[in-house]
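K.L.:
what's the 3D shape of this:
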Amino acid sequence: MTEQTATGPALACPKCGAAVSPDQAFCENCGGSLQPTVAAAADPTEDLEAPVELTVSVRRPRPAEDEATNPVTRPCENCGGVVGADGYCETCGMKAPRERDHYTEHPARWVAACCDRGVRHHRNEDATAIWAEPEPGSRAVLVVCDGVSTSIDSDVASLAGARAARDLLVEQQPAGLGTPASGSAALAQAIERAAAQANAAVIANTAHDSQSAASCTFSAAVLEGDEVTYGNVGDSRSYWIPDPDNPAEPVQLSVDDSVAQARILMGVPREEAENGPQAHAITKWLGRDSQDSVPSTGSVTLSGPGWLMVCSDGLWNYTSEASALRSLIAELSDTDRDPLKLAVALVAWANAQGGKDNISVALARH
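P.N.:
Numbers count the residues shown, from 1 in each chain. As a prediction, the model looks like this:
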């Protein structure tokens, strides 16, 4: 049966059978030539600031006006040929990766993030935005937004929302009345304001006349010493994952706004609920058509060494339970407890499981 998409019937490459879109001139899987039936849409992320740090496999971003007057010539990762202005190799026809397809952030040696397109999606609609003070264990801000794949500019929504939330949480450092409880309450209010600012950024940076408004999830965590305050809208998550030799229990901090979570609350086993019909349908989100963008918030005091992690469902879909994540992280962590290496390794692991969604992982070492 022919599957129907937003732009018409689903198409396949005649050479390798990979799924292609009507505007593609070359197959991204094998490089074979195609005959586009519609004009290519403009990349909606071009007017947004590019990620602050890129992996060595992708060129560092430059201002849009500089790109226009001084185009960068970069080699094709497949054959070494020249990548043309259209983004395709002039020798083998392979499409070059975009900066957004895979990037990392590493603001301090104890905090890092990795964001990746995954294997099956044609673009990366996830976004991370993180910040940290240099001293380990001082203060860190982790934000992950996952664009909902219903609009041409959900990738713009996630990036704009994540950065707006991060910037507010970096700027505002409420201390409350000086007690731990009042400090956590004040920070929870700051996370609510950050979600509101993220929602405003989503609306301001995306099309107002789209048939399906751009939207995204929101998950943020602020670590200050031993205290973590977190908030979420949708099904991106925050976890506390203690080291194997730490007697503290691993825990999923945030609670999803999703059909799966509603079924869990009704008594359906987690594995069944998270793999059942409409499991990933979310009940709250950020965006123009959102009826409730106020995040659920909470706080916790951490004990012993471990990892604060904020991630999208591109990771946790393969290992949802906090205890399973603990085992996975123990397997992938190096002896240096390097957050950047671990974030990259977790993304690679998710891709090895099938990479059926975009993947974001942000980590702070406690």
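
K.L.:
ok, and residue 346, which helix or strand is that part of?
P.N.:
helix 339-352 (DSSP states H and E).

K.L.:
er, residue 146 I mean
P.N.:
strand 139-146.

K.L.:
what are the pairing partners of that strand, and which direction each?
P.N.:
Partners of strand 139-146 in the sheet, by DSSP bridges, are strand 126-132 (antiparallel), strand 218-224 (antiparallel).

K.L.:
Can you show me the strands along the stretch 101-250 of the chain?
P.N.:
102-108, 111-116, 126-132, 139-146, 215-216, 218-224, 227-233, 237-242 (DSSP state E, counting those that start in this stretch).

K.L.:
what's the angle from the fourth one to helix 339-352?
P.N.:
When you say that, I think you mean strand 139-146. Strand 139-146 and helix 339-352 are oriented at 20 degrees to each other (axes from the mean of the first three to the mean of the last three CA atoms, to 10 degrees).

K.L.:
quick one: strand 139-146 to strand 102-108, angle?
P.N.:
Using the same axes, to 10 degrees: strand 139-146 against strand 102-108 is 170 degrees.

K.L.:
Can I get strand 139-146 in CSV? Just the C-alpha atoms.
P.N.:
C-alpha atoms of strand 139-146 as CSV (Å, rounded to 0.1, in the frame of the first residue of the first chain):
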residue,chain,number,x,y,z
ARG,A,139,26.1,25.6,38.6
ALA,A,140,24.9,24.1,35.3
VAL,A,141,21.9,24.6,33.0
LEU,A,142,20.7,21.8,30.7
VAL,A,143,17.9,22.2,28.2
VAL,A,144,16.6,19.8,25.6
CYS,A,145,13.7,20.5,23.2
ASP,A,146,12.3,17.9,20.7
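
K.L.:
what angle sits between it and strand 227-233?
P.N.:
Using the same axes, to 10 degrees: strand 139-146 against strand 227-233 is 20 degrees.

K.L.:
Need the mean per-residue confidence for strand 139-146.
P.N.:
Taken as a whole, strand 139-146 has a mean pLDDT of 98.

K.L.:
Over to the last one?
P.N.:
Model confidence over strand 237-242 averages 98 on the pLDDT scale.

K.L.:
send the alpha carbons of stretch 162-180 over as CSV?
P.N.:
Extracted as CSV, the C-alpha positions of stretch 162-180 are listed here (Å, rounded to 0.1, in the frame of the first residue of the first chain):
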residue,chain,number,x,y,z
ALA,A,162,16.0,25.7,23.9
ARG,A,163,18.2,28.7,23.6
ALA,A,164,15.6,31.1,25.0
ALA,A,165,15.1,28.9,28.0
ARG,A,166,18.8,28.5,28.6
ASP,A,167,19.5,32.2,28.4
LEU,A,168,16.8,33.0,31.0
LEU,A,169,18.0,30.4,33.4
VAL,A,170,21.6,31.6,33.0
GLU,A,171,20.6,35.2,33.7
GLN,A,172,18.2,34.5,36.6
GLN,A,173,19.7,32.9,39.6
PRO,A,174,17.1,33.3,42.4
ALA,A,175,18.1,32.4,45.9
GLY,A,176,14.7,32.6,47.5
LEU,A,177,14.8,33.5,51.2
GLY,A,178,18.1,31.8,51.9
THR,A,179,16.7,28.4,52.8
PRO,A,180,17.0,25.3,50.6
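
K.L.:
how about that stretch: buried residues?
P.N.:
162, 163, 164, 165, 166, 167, 168, 169, 170 (16 or more other CB atoms under 10 Å). Where C-beta positions appear, they are placed from N, C-alpha and C, glycine not excepted.

K.L.:
The fifth one contacts residue 141, correct?
P.N.:
Pointing back at residue 166 there. Yes: assessed by CB atoms under 8 Å, residue 166 is found in contact with residue 141 at 5.6 Å.

K.L.:
which residues of the stretch 251-366 of the chain fall in strands?
P.N.:
251-252, 286-287, 296-301, 306-311, 359-365.

K.L.:
which secondary structure elements does the last one contact?
P.N.:
The helices and strands touching strand 359-365, judged by 3 or more CB pairs under 8 Å, 6 or more residues apart in numbering; DSSP states H and E, are strand 111-116, strand 126-132, strand 139-146, strand 306-311, helix 313-316, helix 339-352.

K.L.:
JSON lines for the strands paired with strand 139-146, including mean pLDDT, mean neighbour count and distance to residue 149?
P.N.:
Shown next, in JSON lines, are those (pLDDT from 0 to 100; neighbours: other CB atoms under 10 Å; distance: least, CB to CB, whole Å):
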{"stretch": "strand 126-132", "mean pLDDT": "98", "mean neighbour count": "27", "distance to residue 149": "11"}
{"stretch": "strand 218-224", "mean pLDDT": "97", "mean neighbour count": "28", "distance to residue 149": "16"}
